[in-house]
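1. sequence and predicted structure are below.
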There are 2 protein chains.
Amino acid sequence: MAAWGERLAGVRGVLLDISGVLYDGGEGGGAPIVGSVEALARLKRSQLKVRFCTNESQKSRGDLVGMLRRLGFDISEDEVTAPAPATCLILKERGLRPHLLIHDGVRSEFDQIDTSNPNCVVIADAGEGFSYQNMNKAFQVLMELENPVLFSLGKGRYYKETSGLMLDVGPYTKALEYACGIEAEVVGKPSPEFFKSALREMRVEAHQAQ
Amino acid sequence: MAAWGERLAGVRGVLLDISGVLYDGGEGGGAPIVGSVEALARLKRSQLKVRFCTNESQKSRGDLVGMLRRLGFDISEDEVTAPAPATCLILKERGLRPHLLIHDGVRSEFDQIDTSNPNCVVIADAGEGFSYQNMNKAFQVLMELENPVLFSLGKGRYYKETSGLMLDVGPYTKALEYACGIEAEVVGKPSPEFFKSALREMRVEAHQAQ
């Protein structure tokens, strides 16, 4: 294994995931992963730029950052790249009005978005919101469109909570894709566009990032 | 278009679907499709053997046949090939104990099946039973198995009820397949094995059937 000095040669910035890297979610908001509060503090003291790139789609950035700060992390809202704000930009650019199949915790991110008479569907990690009724409603909206457009905030299979493994948005996106015979546009990791927007926001080139 | 006499030359038996062919489901049990009660009566008076091959997985065969008889159809339970009884045969043959993600209406078909300490999952059209909690439970059972086995009763995308289009089992099967990185074994149409079992029960060869 290369020494750290060698591995970091030319690196100017670090993109960090949040869930599963800084903390594990769960009852009562989750718990920091051992050593991560101190590791982040050390990174922040270094010459490296730090940015957070998350597929979190159950919480608004404000709520996410508030929770992380309470857990002891040095993080602010404008350091976070997240799929919901990125999706809002795309919706505005393309004049799309979404039907939202999302968690109530992230709904505030879409406050400025027109959701009347929807001409696309946005699916995010809705958790318990993935009822049959809500899935069927999103399916019916898509089937009524001449050109069905589905945005998926990430495509993760599952994530770990302190209580066990939990289904993420990806399986539910696959369900709608199969039902409607369409392919979703993924906003979030692993979409290269999403990583690039995080790098732009950090003002670091791809080859300078870890 | 060939005349009926020509098209039916050599045909000894007819396999009929039920939902969408004999009736459309919906509130209050659904409604016969116009002309289907009479068409079935005529078929039964002919020389042709008749068998019903359905992917219905929300109701037991008994309940399904009772409902169809009330709508005026000439049909009996032993004329119906359905995925739930076919799955029970496979489970017994392979010594498998399922976790059942199914509609309460079909649960009685599994009365004789050992469901303790499950070593596979059976998914059927659970309708409102496709809650996040129930999907996550099935997912967790699969992830705890060294060799995850998933049986899907059909793989339909959706079906039509009098109230509109409804998600069928297929999308939810795709969700679990993606989440676990596995492929389900489909019991029901379009599985060739399922059609063959219906033909065996009718005692008709494939080339003699319509």
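-> Looks like it arrived, so ask away.
2. spell out which parts of chain A neighbour chain B.
-> Within reach of chain B by CB under 8 Å from any CB of the partner chain, chain A has these residues: A:126-133, A:135-136, A:139-140, A:143, A:157-158, A:164-168, A:170-172, A:174-181. Bear in mind the C-beta positions are built from the backbone N, C-alpha and C, glycine included.
3. nearest to the spatial middle of chain A, which residue is it?
-> Computing the C-alpha centroid of chain A and ranking residues by CA atoms, centre = their mean puts residue A:55 first, at 2.0 Å.
4. look at that residue and tell me its secondary structure.
-> Look at residue A:55: counting by DSSP: H, G, I helix; E, B strand; the rest coil, its state is coil.
5. poorly predicted segments of chain A, please.
-> For chain A, the stretches flagged by pLDDT under 70 are A:1-4.
6. residue A:53 contacts residue A:197, doesn't it?
-> No - under the criterion of CB atoms under 8 Å, residue A:53 is not in contact with residue A:197, lying 9.0 Å apart.
7. show me the domain layout of chain A.
-> Domain ranges of chain A: A:13-82+A:191-208, A:83-187, per automatic domain parsing.
8. dump these to a markdown table, plus distance to residue B:100.
-> A markdown table is the format used below for those (distance: least, CB to CB, whole Å):
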| stretch | distance to residue B:100 |
| --- | --- |
| domain A:13-82+A:191-208 | 28 |
| domain A:83-187 | 16 |
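9. tell me the most buried of those domains?
-> Of all these, domain A:83-187 has the most neighbours on average by mean count of other CB atoms under 10 Å in any protein chain shown, namely a mean of 19.
10. ok, residue A:118 - contacts?
-> By CB atoms under 8 Å, 6 or more residues apart in numbering or on different chains, the contact list for residue A:118 reads A:97-99, A:141.
11. and those residues, which is closest to chain B?
-> When those are ranked by distance to chain B (CB to the nearest CB), residue A:141 comes first, at 10.9 Å.
12. so which strand or helix has the closest one?
-> Using DSSP states H and E, residue A:141 sits in helix A:132-144.
13. can you check what angle separates that helix from helix B:132-144?
-> Helix A:132-144 runs at 90 degrees relative to helix B:132-144, counting by axes from the mean of the first three to the mean of the last three CA atoms, to 10 degrees.
14. re earlier: among the residues of chain A next to chain B, which lie within strands?
-> Mapping the residues of chain A next to chain B onto strands (DSSP state E) picks out A:158, A:164-167.
15. how about these in TSV, adding distance to residue B:49?
-> Output for those, formatted as TSV (distance: CB to CB, whole Å):
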residue	distance to residue B:49
A:158	48
A:164	51
A:165	49
A:166	50
A:167	45
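16. wait, which of those is closest to residue B:185?
-> Of all these, residue B:185 sits closest to residue A:167, with 20.9 Å by CB to CB.
17. the closest one touches residue B:179, doesn't it?
-> Yes - counting by CB under 8 Å, residue A:167 does reach residue B:179; the two are 5.7 Å apart.
18. what about the strands in chain A?
-> Along chain A, the segments classed as strands by DSSP E run A:13-16, A:23-24, A:31-32, A:49-53, A:80-81, A:98-101, A:120-123, A:150-153, A:158-161, A:164-167, A:185-187.
19. before we move on, the earlier item: and the helix holding residue A:141, what does it pack against?
-> strand A:98-101, strand A:120-123, helix A:169-180, strand B:164-167 (3 or more CB pairs under 8 Å, 6 or more residues apart in numbering or on different chains; DSSP states H and E).
20. OK, contacts around residue A:109?
-> Applying CB under 8 Å, 6+ apart, we find residue A:109 in contact with A:60-61, A:84-85, A:88.
21. my error: substitute residue A:87 in the last question.
-> If you count contacts by CB under 8 Å, 6+ apart, residue A:87 has them with A:122, A:151, A:153, A:187.
22. recalculate using a threshold of 10 Å.
-> A:57, A:96, A:98, A:100, A:102, A:109-110, A:113, A:122, A:124, A:151-153, A:185, A:187-188 (CB atoms under 10 Å, 6 or more residues apart in numbering or on different chains).
23. what's the answer for residue A:139, then?
-> Contacts of residue A:139 by CB under 10 Å, 6+ apart are A:101, A:121, A:148, A:175-176, A:179-180, B:157-158, B:164-167, B:171.
24. same deal with residue A:131?
-> A:137, B:128, B:130-133.
25. for these, which one is nearest residue A:18?
-> Taking CB to CB as the measure, residue A:18 sits nearest to residue B:132 out of these, at 22.1 Å.
26. circling back to that earlier point, between residue A:53 and residue A:197, which contacts overlap?
-> residue A:81.
27. tell me how many other residues surround residue A:190.
-> Neighbourhood size, residue A:190 [other CB atoms under 10 Å in any protein chain shown]: 11.
28. wait, it touches residue A:83, no?
-> No - Residue A:190 lies out of contact with residue A:83 (CB atoms under 10 Å); the separation is 11.8 Å.
29. list residues touching both of those two?
-> A:55, A:154.
30. centre of the chain to stretch A:44-52, how far?
-> With CA atoms, centre = their mean, to the nearest Å as the basis, stretch A:44-52 stands 20 Å off its chain's centre.
31. quick one: contacts of it?
-> Residues from elsewhere that reach stretch A:44-52, judged by CB under 10 Å, 6+ apart: A:8, A:11-18, A:21-22, A:40, A:42-43, A:61, A:64-65, A:68, A:73-82, A:198-199, A:201-204, A:208-210.
32. what's the span of that stretch from first residue to last?
-> Terminal residues of stretch A:44-52 lie 12 Å apart, using CA to CA, to the nearest Å.
33. again, but for stretch A:57-73
-> 19 Å.
34. same question, stretch A:19-26
-> Stretch A:19-26 has an end-to-end distance of 11 Å (CA to CA).
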